[in-house]
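Asks: What would the 3D arrangement of this be:
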Amino acid sequence: MVKLEELRKEARRLLAEGEVRCIIGYLRNPADGKAVPGFIRKPEEADALVWDPTCFHNLARFLVDEKRRKAREKNPDTRPVGLVVKGCDSRAVVVLLQEKFIERGDVVLLGLSCEKTGVVDERKLAKAVPGRALRQVEFGGEEEFLVTTEDGQVRIPAGDVLADRCLECPANFPVLSDWLQGEKTKRAPAGLFASVEPFEARSTEEKWDFWLTQLRKCVRCYACRSVCPMCYCDECVVDTINLAVTPDTTAEEKAQKIRWVEKSPVDSENIFYHLVRALHLAGRCVDCGECERACPVNIPLRQLNKKMEKEAKTLFGYDVGFDPDTPALISCFRDEDPQDFIR
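Replies: Coordinates of the predicted model:
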């Protein structure tokens, strides 16, 4: 069981002894009782840290911003940052290490187990307590959450409000950490790819119609890309934004800037954007579900990414984000790997 005071104590120590520049963790949002990402820079601020089932954000995304901060500043503070991680967050850090985007000394990982359950889905939680202002959500045991609203406290079965990613989670504890609270016990999932299998049974025409309908809703806000810790490219191939314009830049140079995908949210552009992004996440997506959670029009993006994860596992025996010393999927091979794609 995670003891919150122990987390706060360790955060205070790291900050007081100057071992980290700041702690990136979860704070309470007084407006709705849910957790939000926050930066702790002083030891006395550590008491504000929280840990509950609403800590669904993947804080590994902030490591991307941290690296960019160092690149911008003339004399940056090079001390590591402290990062609170749960299971899927720690696996995202592993991928960043595999790809040499960060170094192990850049971050101190404060690991927290998901208490044999996981985190909640905001939409499911809203349906479970309709019309009631939320005050707090707490772990209530292996199979339930304690939800406090303006009308009092209710117990809700965990399965009713758990995020879909947690139902298929292969390890609901940090696989990499410098400090750990909670038990390393796996919650038996319904199946690692249970959400994908029903969709795979559909015909090609049914699959196409489904995705055409879903991707037609996309408004190209790029929230899925912005929230993903794996989308760390300075310039996105499907959203060319970094043309350096100077007084000497000619109209012809501007016109010839390569644009693989236009920003207009039309069917062909939307499909190309999402398929390219899914392919770029092959062997890299840790199924943290942030892209789907952040999507304002509820596109089931996990379906695409989970399918790619299944292909990596089925064809190549590759598990994403478990060993920082293992080469990334696209940079390794085995003699027995299937070669059917070669013609």
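
Asks: so residue 95, which of the three states?
Replies: Applying DSSP: H, G, I helix; E, B strand; the rest coil to residue 95 yields a three-state assignment of helix.

Asks: Tell me who's in contact with it.
Replies: 229, 230, 284, 286, 320, 321, 328 (C-beta atoms under 8 Å, 6 or more residues apart in numbering). From N, CA and C alone the C-beta is placed, and that goes for glycine too.

Asks: could the residues you listed go into TSV alongside distance to residue 114?
Replies: What follows is these, written out as TSV (distance: C-beta to C-beta, whole Å):
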residue	distance to residue 114
229	18
230	21
284	22
286	14
320	18
321	15
328	26
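
Asks: among those residues, which ones are buried?
Replies: 229, 230, 284, 286, 320, 321 (16 or more other C-beta atoms under 10 Å).

Asks: wait, doesn't the third one sit right on residue 231?
Replies: No. Proximity of residue 284 to residue 231 does not meet the contact threshold set by C-beta atoms under 8 Å, at 9.7 Å.

Asks: on that earlier part again, and the buried ones among the contacts of residue 95, which two are furthest apart?
Replies: 229 and 320 (12.4 Å; C-beta to C-beta).

Asks: which residues of the stretch 1-150 of the chain fall in helices?
Replies: In the stretch 1-150 of the chain, the segments counted as helices under DSSP state H, counting those that start in this stretch are 4-16, 61-72, 87-98, 122-128.

Asks: Please enumerate the strands of the chain.
Replies: Counting by DSSP state E, the chain has strands at residues 23-28, 35-40, 81-85, 107-112, 134-139, 144-149, 152-157, 179-181.

Asks: Can you name the residues that contact residue 178?
Replies: With C-beta under 8 Å, 6+ apart, residue 178 has these contacts: 108, 109, 110, 111.

Asks: By average pLDDT, which secondary structure element in this structure comes out worst?
Replies: Using mean pLDDT, DSSP states H and E, the weakest-scoring helix or strand in the chain turns out to be helix 251-255, at a mean of 71.

Asks: where does the stretch 51-200 of the chain dip in pLDDT?
Replies: Scanning the stretch 51-200 of the chain for pLDDT under 70 picks out 185-190.

Asks: What number of residues are in the vicinity of residue 92?
Replies: Using other C-beta atoms under 10 Å, residue 92 has 26 neighbouring residues.

Asks: so it touches residue 58, yeah?
Replies: Yes. Between residue 92 and residue 58 there is a contact under C-beta under 8 Å: 5.9 Å.

Asks: Give me the nearest residue to residue 200, chain neighbours excluded.
Replies: residue 307 (7.8 Å; C-beta to C-beta, 6 or more residues apart in numbering).

Asks: Alpha carbons only: can I get stretch 40-48 in PDB?
Replies: In PDB, the C-alpha atoms belonging to stretch 40-48 read as follows (Å, rounded to 0.1, in the frame of the first residue of the first chain):
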ATOM      1  CA  ILE A  40       7.200  21.400  -6.400                       C
ATOM      2  CA  ARG A  41      10.300  23.600  -6.000                       C
ATOM      3  CA  LYS A  42      10.500  24.100  -2.200                       C
ATOM      4  CA  PRO A  43      10.700  21.400   0.500                       C
ATOM      5  CA  GLU A  44       7.700  22.900   2.400                       C
ATOM      6  CA  GLU A  45       5.600  22.600  -0.800                       C
ATOM      7  CA  ALA A  46       5.900  18.800  -0.800                       C
ATOM      8  CA  ASP A  47       2.900  18.500   1.600                       C
ATOM      9  CA  ALA A  48       0.700  19.400  -1.400                       C
END
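
Asks: And the contacts of that stretch?
Replies: Against stretch 40-48 from outside (C-beta under 8 Å, 6+ apart): 8-9, 11-13, 15-16, 21-25, 27-28, 38, 49.
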